[in-house]
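**Q** Kindly generate the corresponding structure for this input.
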Amino acid sequence: MSAPQTRVITFGTYDLFHIGHLNILKRAAALGNHLIVGVSTDALNFSKKGLKPVFPQHERLAIVEALRCVNEAFYEESLELKAEYIKHYKADVLVMGDDWAGRFDQFKSLCDVVYLPRTEGISTTDIKQGLAIPAKV
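**A** Next up, the predicted model:
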């Protein structure tokens, strides 16, 4: 008899894919045996941050889908649909970075909620700020 499947879901933008992204996805995958990843759409990112990602959603989704630790990936179109995504994908565990600690506790009635530590010293926002070219005066 096979062991029951534990389905883990997580969400992110995954722009300028870096080791921090890979680390959290691998650690999320280790919490179960089926990892589902919601990749935020360009429109969702713009509505959250007022900025479009550097790489378009189809490229970011393709990168995430290509990872060995990821079993399924889909477009996250709305923050308000997280509960629906959890139900649709029959997730047993929701994983988010610890910078979101406590902000997804309302989903504990649907699944376990785990906040994993981020990789120290790396952040897409910091990378983008470091790449910013100052305007000529």
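
**Q** where do the strands sit along the chain?
**A** Secondary structure of the chain (DSSP state E): strands at 7-12, 34-40, 72-76, 93-97, 112-116.

**Q** Dump the ones you listed to a markdown table, plus mean pLDDT.
**A** Output for the strands of the chain, formatted as a markdown table (pLDDT from 0 to 100):
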| stretch | mean pLDDT |
| --- | --- |
| strand 7-12 | 97 |
| strand 34-40 | 98 |
| strand 72-76 | 98 |
| strand 93-97 | 97 |
| strand 112-116 | 97 |
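
**Q** burial measure for residue 79, as a count.
**A** Residues lying near residue 79 (other Cβ atoms under 10 Å) number 11. Just so you know, the C-beta spots here come from the backbone N, C-alpha and C atoms, and that holds for glycine as well.

**Q** so it touches residue 44, yeah?
**A** Yes - the pair residue 79 / residue 44 is scored as a contact, 7.1 Å apart, by Cβ atoms under 8 Å.

**Q** Could you save the strands of the chain as JSON lines and add columns showing mean neighbour count and distance to residue 83?
**A** Below are the strands of the chain laid out as JSON lines (neighbours: other Cβ atoms under 10 Å; distance: least, Cβ to Cβ, whole Å):
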{"stretch": "strand 7-12", "mean neighbour count": "23", "distance to residue 83": "11"}
{"stretch": "strand 34-40", "mean neighbour count": "24", "distance to residue 83": "12"}
{"stretch": "strand 72-76", "mean neighbour count": "17", "distance to residue 83": "12"}
{"stretch": "strand 93-97", "mean neighbour count": "21", "distance to residue 83": "10"}
{"stretch": "strand 112-116", "mean neighbour count": "17", "distance to residue 83": "12"}
